[in-house]
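Participant: Okay, structure incoming, though there's no sequence with it:
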């Protein structure tokens, strides 16, 4: 078995917008609410400094901050 010259590993794929929407829909479905309700709840948690963005806007993730509300 030979490896072609210049062949490299494929780049790591960032979560696409479609993947992110599907995850939000999964959360909304699990909670029995709308996508907008999930978005609003996340915005409220960020405003209360209970949820924060780690890393870049694209490819980053949200982190829940433990503690008293």
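Facilitator: Sure thing, it's come through. Not measured: the values here are computed from a predicted model.

Participant: is it true that residue 50 touches residue 64?
Facilitator: Yes: here residue 50 lies in contact with residue 64, judged by CB atoms under 8 Å, at a distance of 6.8 Å. (Glycine included, C-beta is placed from N, CA and C.)

Participant: Of these two, which one has the most company?
Facilitator: residue 50 (15 against 9; other CB atoms under 10 Å).

Participant: quick one, what contacts the residue lying closest to the more buried one once chain neighbours are set aside?
Facilitator: With CB to CB, 6 or more residues apart in numbering as the measure, residue 65 is the residue that lies nearest to residue 50, at 5.2 Å, once sequence neighbours are left out. The neighbourhood of residue 65, defined by CB atoms under 8 Å, 6 or more residues apart in numbering, consists of 49, 50, 51, 52.

Participant: which helices and strands sit right next to the least confident helix or strand in the chain by mean pLDDT?
Facilitator: Using mean pLDDT, DSSP states H and E, the weakest-scoring helix or strand in the chain turns out to be strand 61-64, at a mean of 83. In this structure, strand 61-64 packs against strand 51-54, with contacts taken as 3 or more CB pairs under 8 Å, 6 or more residues apart in numbering; DSSP states H and E.

Participant: How about residues contacting the strand it packs on?
Facilitator: The contact list for strand 51-54, computed with CB under 8 Å, 6+ apart, reads 42, 45, 46, 60, 61, 62, 63, 64, 65.

Participant: Quick check: which element contains the first one?
Facilitator: The reference is to residue 42. Take DSSP states H and E as the rule and residue 42 turns out to sit in helix 35-47.

Participant: Buried ones in that helix, by neighbour count?
Facilitator: 38, 45 (16 or more other CB atoms under 10 Å).

Participant: Show me what the residue most central in space within the chain is bridged to.
Facilitator: Compute the mean C-alpha point of the chain, and by CA atoms, centre = their mean the closest residue is residue 61, 5.1 Å away. In this structure, residue 61 has the following beta-bridge partners (DSSP bridges): residue 54.
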